[in-house]
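Undergrad: structure, please.
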Amino acid sequence: MDLYTCTSCDRRYLSISEERVGRCPDCAARLSRVWMPDVPRAEPGSYPAGDNTFASMDDFVRADLSRLTSAELDFGVQWRDGADRSYRAAWVEETGELYVVQAGPASKGGGHVEVLGATDREGVEAALDGWREQGSITWMRGRARRLPPVPKGRALRRIGAIALGATLLAFSGQAATKPPAAAAKPAGHAQTQSQEPPTSSTSG
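TA: Residues are numbered from 1 along each chain as shown. Presented below is the predicted three-dimensional model:
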C-alpha cells in the first residue's frame, strides 16, 4: 500500500496496486510517493487464524476497501492478555466492525487483526460503556459478544473506490464505484475519531 500526494492540487491518495501511480486523476499533475513505514505482518502460526482474522492491517483493508477510507472510533491501546501482549481496539464506521490489532514482534502475532463483531455506533458505545477503566482483552472480547445486531431498516453507510486503470485509489467521502476509464474526484483523508471524555462547555 502506497501513499501519494499531488504536486499541484495537494490531494492525497492511497493505492493498493503493485504498480507505481504516475498522474493525479483529478488534475493530471504528477503524483509524488510519500514515505510510509512497512505494515507489520504476523508470521503464520503466530496467531489463531480464522475467518475473522488477518495477518496485517494491509490484508484487512484489502479485503474490503471501505475499511481503508472509513472514519474510526478509537477505543484505546491499553488492551492486554495474560501473555502481556498488547492490542489497539477501534470501531469502523463504514462496516460497523469492532476490531483489535496486536502490537509487538511479528513472530508473536504482532500486526494481526481480529474482527470481534459488528454493530452500529450506538450499539458499540453501549456494549463498551466504561472501557476507559478497563485494560483486559478478555473484558473486550466478552463485551463484543454482547454487540447488538444492526437494527432493521438502518443500513451501514458504504463507499466505493476510484478505479484508475489497474490501480485502485481509495478515498473517503460519498462516492460510487467508477469504471476504469472514468475520472473521479477524491475527498481527502480517512479520519479517526477519538473517544474523549466530555467537557463542560471535537472531530472524527
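Undergrad: could you find the closest non-adjacent residue to residue 40?
TA: Nearest non-adjacent residue to residue 40, counting by CB to CB, 6 or more residues apart in numbering: residue 111, 3.0 Å away. Backbone N, C-alpha and C define where each C-beta goes, glycine included.
Undergrad: now swap in residue 101 and tell me
TA: In space, not counting the residues next to it along the chain, residue 101 is nearest to residue 113; the distance is 4.8 Å by CB to CB, 6+ apart.
Undergrad: for residue 99, same thing?
TA: In space, residue 99 comes closest to residue 115 once its chain neighbours are excluded; the distance is 4.9 Å by CB to CB, 6+ apart.
Undergrad: kindly report the same for residue 104.
TA: Beyond its immediate neighbours in the sequence, the residue positioned closest to residue 104 (CB to CB, 6+ apart) is residue 110, lying 3.7 Å away.
Undergrad: returning to what we had before: residues near the residue nearest to residue 101, how many?
TA: Burial measure for residue 113: 25 neighbouring residues, criterion other CB atoms under 10 Å.
Undergrad: same check, this time on the one 3 residues further on
TA: Using other CB under 10 Å, residue 116 has 20 other residues around it.
Undergrad: ok, it - contacts?
TA: Taking CB atoms under 8 Å, 6 or more residues apart in numbering as the contact definition, residue 116 lies against 52, 98, 99, 100, 140, 141, 144, 147.
Undergrad: with residue 97 instead?
TA: Shown here is residue 97, whose contacts under the criterion CB under 8 Å, 6+ apart are 67, 91, 115, 117, 118.
Undergrad: what is it paired to in the beta sheet?
TA: Taking DSSP bridges, one finds residue 118 as the beta-bridge partners of residue 97.
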